[in-house]
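[1] requesting a structural model of the entry that follows:
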Amino acid sequence: MVRKSYSDAERKEHRDARLSAAHSQFQAGVAELLADDGAWQRYLTVQSKMHTYSFHNTLLILSQNENASMVAGFRKWQELGRNVRKGEKAIWILAPFSGKRHDEDPTTGEDVEHRFTYFKPVSVFDVSQTEGDPIPEPPSPVLLEGDSPELVERYVAVQTILEADGWTVKRESPEGGSNGDTDPKKRGAQDARP
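    Predicted coordinates for the structure are as follows:
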């Protein structure tokens, strides 16, 4: 496959068009959040799955694919043993990049380095747009069982630290049947293990 090469002017024109589209999509997304109660719930659902993305990028992802659940760049999917299916349309977000510029200080004549951050449109794809190796499941919490000396020692160490910091630690089952509970406002912790 032969890739088309772009001149600097064409590249800038494409980038500017993507930035303009991203800005318009963001404005439309904010307007929808303010006008539609269900839109806010959809945003929160997507944000809960993609908590490392900014408010802005989450809205951009949602406006381009409201069923997105896990996004990554083309190369990242390859690292994970997956390939983006041919013909899939990219989701465009804005990624931060850093740069530096050297200027001459007008008063001293010294070379001064200025660092700055700028944003460029980058493409990502949802997992539903890929095929290949299964996505590994994140580890699930496991309730510790038994009373090994090491476990008891760790429990006592954590309890001592918490109590020294003014926390109350109780050994009783919290409401709702969970294995434990922590309340930072009341500075209290509960452990269901006897």
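[2] now the helices for the chain?
    Remark: helices assigned in the chain by DSSP state H are 8-35, 37-49, 55-64, 74-79, 149-164.
[3] which of the residues in the third one are buried?
    Meaning helix 55-64. 56, 57, 58, 59, 60, 61, 62, 63, 64 (16 or more other C-beta atoms under 10 Å). C-beta coordinates here come from the backbone N, C-alpha and C atoms, glycine included.
[4] and of those, the nearest to residue 184?
    residue 58 (26.0 Å; C-beta to C-beta).
[5] got a list of what that closest one touches?
    Residue 58 makes contact with 43, 46, 47, 50 under the criterion C-beta atoms under 8 Å, 6 or more residues apart in numbering.
[6] apart from its chain neighbours, what residue comes closest to it?
    Leaving aside its sequence neighbours, residue 58 sits nearest to residue 47 (C-beta to C-beta, 6 or more residues apart in numbering; 5.0 Å).
[7] in the chain, where is pLDDT below threshold?
    For the chain, applying pLDDT under 70 flags the ranges 1-3, 141-146, 176-177, 192-194.
[8] what residue is smack in the middle of it?
    The centroid of the chain falls nearest to residue 52 when counting by C-alpha atoms, centre = their mean (1.4 Å).
[9] any idea how far it is from residue 80?
    The spacing between residue 52 and residue 80, counted by C-beta to C-beta, to the nearest Å, is 16 Å.
[10] give me the neighbour count for the residue lying closest to residue 163 once chain neighbours are set aside.
    Nearest non-adjacent residue to residue 163, counting by C-beta to C-beta, 6+ apart: residue 169, 6.1 Å away. If you count neighbours by other C-beta atoms under 10 Å, residue 169 ends up with 17.
[11] which residues does residue 169 contact?
    159, 162, 163, 188, 189, 190, 191.
[12] report the beta-bridge partner residues of it.
    Under the criterion DSSP bridges, residue 169 forms beta bridges with residue 189.
[13] residues touching the nearest residue to residue 188 once chain neighbours are set aside, list them.
    Closest residue to residue 188 apart from its sequence neighbours, by C-beta to C-beta, 6+ apart: residue 168 at 4.5 Å. Counting by C-beta under 8 Å, 6+ apart, residue 168 touches 186, 187, 188, 189.
[14] now residue 119
    19, 94, 95, 96, 97.
[15] try 7 Å this time
    Going by C-beta atoms under 7 Å, 6 or more residues apart in numbering, residue 119 touches 94, 95, 96.
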